[in-house]
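here is my input; please provide its structure:
(chains A and B)
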Amino acid sequence: MRLADRIGAVASAAADYPWLGDLTAENILRWIKLELGDLLREGEPPEYGRQRCLAQPLSPILHVVSGNTPHAALQSLIRGIIVGAKNRMKLPQGGLPEVDGFSLRLPPALRPELAVQLDPSWARDAEAVVVYGSDETVQEFSQRLLPTQRLLAHGHKISFGLIWGSYDRMVVDGAARDVFVFDQLGCLSPQFYYVAGDSEGFASLLAEHLEELCLASPATRRGYEIAAALRGCREEWKFRAATEPGVVVWESTGTLDWVVIHDPGSAPAANPLHRTIFVRPMPSELESAVAPIRPQISTIGLHPVNLESVRQAIRLGAQRVCRIGQMQNPPLTWHHDGWPTLASLVRYVDIEGMG
Amino acid sequence: MIGSLETEILRFLSEPSEDKFEPLALTVFEHQRRKNPVYASYCEFLGTPQRVASWKDIPGVPQQAFKHAELRSFPIEQTRAEFRTSGTTGEGYGKHFFQSLRLYETAVQRCWDFFQLPRHNFVALMQHPDDAPFSSLCRMGGFLTDFQRECFFITRNGSLEIDRLKDRLSEREKPLTLFGTALAFLNLMEQVPNLRVKLPPGSIAMETGGFKGSGREIAKRELYDRLSGQFGITTDSLWNEYGMTELSSQFYSYGLNRPHRAPLWMKFLIIDPNTNEEAPSGERGLLRIFDLANLWSVLAIQTQDLAIAQADGGFLLLGRDPGALPRGCSRAMDELLQLVRG
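The predicted structure is shown next:
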């Protein structure tokens, strides 16, 4: 299928999924132009320095997706379709209904092959393998692949926010929404906020906003294993709140909808997610405080966003920096985990002597 | 007062009776609340009244609390023993302090009496307590063996004494009692894969500790099949001890798919993690344990293990919840062994 048709098909299917962002045909074209220039177009290869060049899809692409957010799975699939690859997707146990629904909105020629059980030939035949999941999953796949196969690994990531200076209601509301969306299970979901100034006051306001959001859209009853992890975390921190100065816990009443934990310490702690958010005072040695998680840092949300705060976030190891409240809304053109998302799925063919 | 309370519990351990559990539990709770400032703060935080009506209302301290605070119900200068969790989570280790180990020892002995577990000819796949002074499991092994060094088959530096163990296992005249962490058994099977003995009738193997956090895990059924095959005993002669550093008593089960039970000085509740209330009958939930022998710290511990109550008064253990941070004495032992083997 031609590029223009693929773009049209994706834009049409994505129209029913507003949480995928503004995936109009025009925006997709702009995205392609930004990453690949004219190298993806059919027809005469464009000039590229002293030669000509074309971008050819790595195909087939095997997408191994996790069950925490359908967002990442669809993004990955869309990228594969746009570059023109044949797509195969290994779904998590239990499947992903959003992927099924999206596929059915595509023309048959663009539909991915979907399976919960991985056919070994899929891994063997793939020219590129995109893996989302735990570090163990990524490790497992990396061992199966040949050096000639391209692995795009999206392992465990941690995102967090930095609140410098004064903030208003909008900032707190944005911070709450960043936690709320996707039940905090995405790699862009903040796991903690460092707050300069009155961190406990910020935590209290954050709790109010999370309560409002969850009243409007309560979480479904958690499965036993998840509920057990959440309960264990809450009770541990409530014990600490009872016995350690500065530890304060705000929680949803009678449910496991959300919990805000004010921790006067600076070190990131284990977080069972599902709207469990830690608020900590801004450490005097910020770089040292986050050094243990530096390789896993994805997005750092900022307030305010200015040259100084951005430079600080980059020094910490951020792969993406954005305004608090926008952590879950990366633009189409973002570099997921620091890579170009389309250009990573193609091979460049250099053509010399064509004139 | 404290002496008499300890004596009273010791008496209960020797002559347990259902109707005396609750009054004694409430007395211990009130004592601990008076003497243990950390626990008192926690009860106050939870809004627990000074006096509660039922043992079920006694607040359970999260197991993780032992990593964050010293839950001591006696003056610090009277500390006579300290057990530590393995500290494999990077958050440090939990500490359990004792003014005396009389209750601990008696609970261990009476538990084994209750289940009519043999205590002769011990083969302890663990270090001697002198070599691991902070290990509650090794101390337990000490109590059960009168601290006889020849019963212990893991050296101070953590290596398994294979030759001595083989010799011991080849003595076929009297039944043996093998006791160690599941990982110690696994290490033994890996190091001596062709080990095949037929232990005398009446022999048992007691495993404990699980595999969580070790990076190695086999299903209980597979472990029991292998143990049964290698030691020539039935799976019903294989026992599991479910205990933890934060407690003074243990639950036991034997064979596969059988519930864990304990004598009358231990009770449990299944807590619905969604509501933090007692789960409806037959529902799974988090195990909250009440152990009268835990006089020196806190009576009630909220674990992170999922279980289902059974009609016979026991519980079916579903394992540690996957979200819980890995921990376990088994892990510490395994790490030690791995380290030694290089």
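
give me the residue from the stretch 1-150 of chain B nearest chain A.
The nearest approach of the stretch 1-150 of chain B to chain A comes at B:F45, 3.3 Å away (C-beta to the nearest C-beta). Any C-beta I mention is one placed from the backbone N, CA and C, and that applies to glycine too.

what residues are up against that residue?
By C-beta atoms under 8 Å, 6 or more residues apart in numbering or on different chains, the contact set of B:F45 is A:K238, A:A241, A:A242.

chain B: which of those residues is nearest?
A:A242 (3.3 Å).

that closest one and B:N276, how far apart?
According to C-beta to C-beta, to the nearest Å, A:A242 stands 15 Å off from B:N276.

higher neighbour count, the two?
Counted by other C-beta atoms under 10 Å in any protein chain shown, A:A242 and B:N276 do not tie: A:A242 has more neighbours, with 21 against 16.

surely the more buried one meets B:E44?
Yes: with contacts counted by C-beta atoms under 8 Å, A:A242 reaches B:E44, the gap being 7.2 Å.

what about the nearest residue to B:I270 once chain neighbours are set aside, how many neighbours?
In space, and not counting its chain neighbours, B:I270 is closest to B:G285: 4.1 Å by C-beta to C-beta, 6 or more residues apart in numbering or on different chains. Using other C-beta under 10 Å, B:G285 has 28 other residues around it.

bridging residues for B:G285?
Listed beta-bridge partners, B:G285: B:A307 (assigned using DSSP bridges).

tally of neighbours for residue 67?
By default, I'm working from chain A. Neighbour tally, A:G67, other C-beta under 10 Å: 15.

wait, I meant chain B there
By the criterion of other C-beta under 10 Å, B:K67 has 21 neighbours.

so how far is A:F160 from the closest residue to it other than its chain neighbours?
Among residues not flanking B:K67 along the chain, B:G94 sits closest, at 4.4 Å (C-beta to C-beta, 6+ apart). According to C-beta to C-beta, B:G94 stands 28 Å off from A:F160.

okay, the two: which has more neighbours?
More crowded of B:G94 and A:F160, by other C-beta under 10 Å: A:F160, with 26 against 23.

helices along the stretch 51-200 of chain B, start to end?
B:65-68, B:102-114, B:136-145, B:162-170, B:182-191 (DSSP state H, counting those that start in this stretch).

turn those helices into a markdown table, including mean pLDDT and distance to B:N240.
Formatted as a markdown table, the helices of the stretch 51-200 of chain B follow (pLDDT from 0 to 100; distance: least, C-beta to C-beta, whole Å):
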| stretch | mean pLDDT | distance to B:N240 |
| --- | --- | --- |
| helix B:65-68 | 96 | 23 |
| helix B:102-114 | 97 | 13 |
| helix B:136-145 | 96 | 13 |
| helix B:162-170 | 92 | 21 |
| helix B:182-191 | 90 | 8 |
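
so what does the lengthiest helix in chain B touch, helix or strand wise?
As assigned by DSSP state H, the longest helix anywhere in chain B is helix B:18-35. Applying 3 or more C-beta pairs under 8 Å, 6 or more residues apart in numbering or on different chains; DSSP states H and E, one finds that helix B:18-35 contacts helix B:2-14, helix B:37-46.

again, only this time at 10 Å
Applying 3 or more C-beta pairs under 10 Å, 6 or more residues apart in numbering or on different chains; DSSP states H and E, we find helix B:18-35 packed against helix B:2-14, helix B:37-46, strand B:266-272, strand B:284-291, strand B:300-309.

closest to A:S134 out of these?
A:S134 sits nearest to strand B:300-309 of all the helices and strands packed on helix B:18-35, at 19.9 Å, using C-beta to C-beta.

surely B:E246 is in a strand?
No: under DSSP: H, G, I helix; E, B strand; the rest coil, B:E246 falls outside any strand and is assigned coil.

quick one: least confident helix or strand in the chain?
Just going to use chain A. helix A:135-144 (a mean of 85; mean pLDDT, DSSP states H and E).
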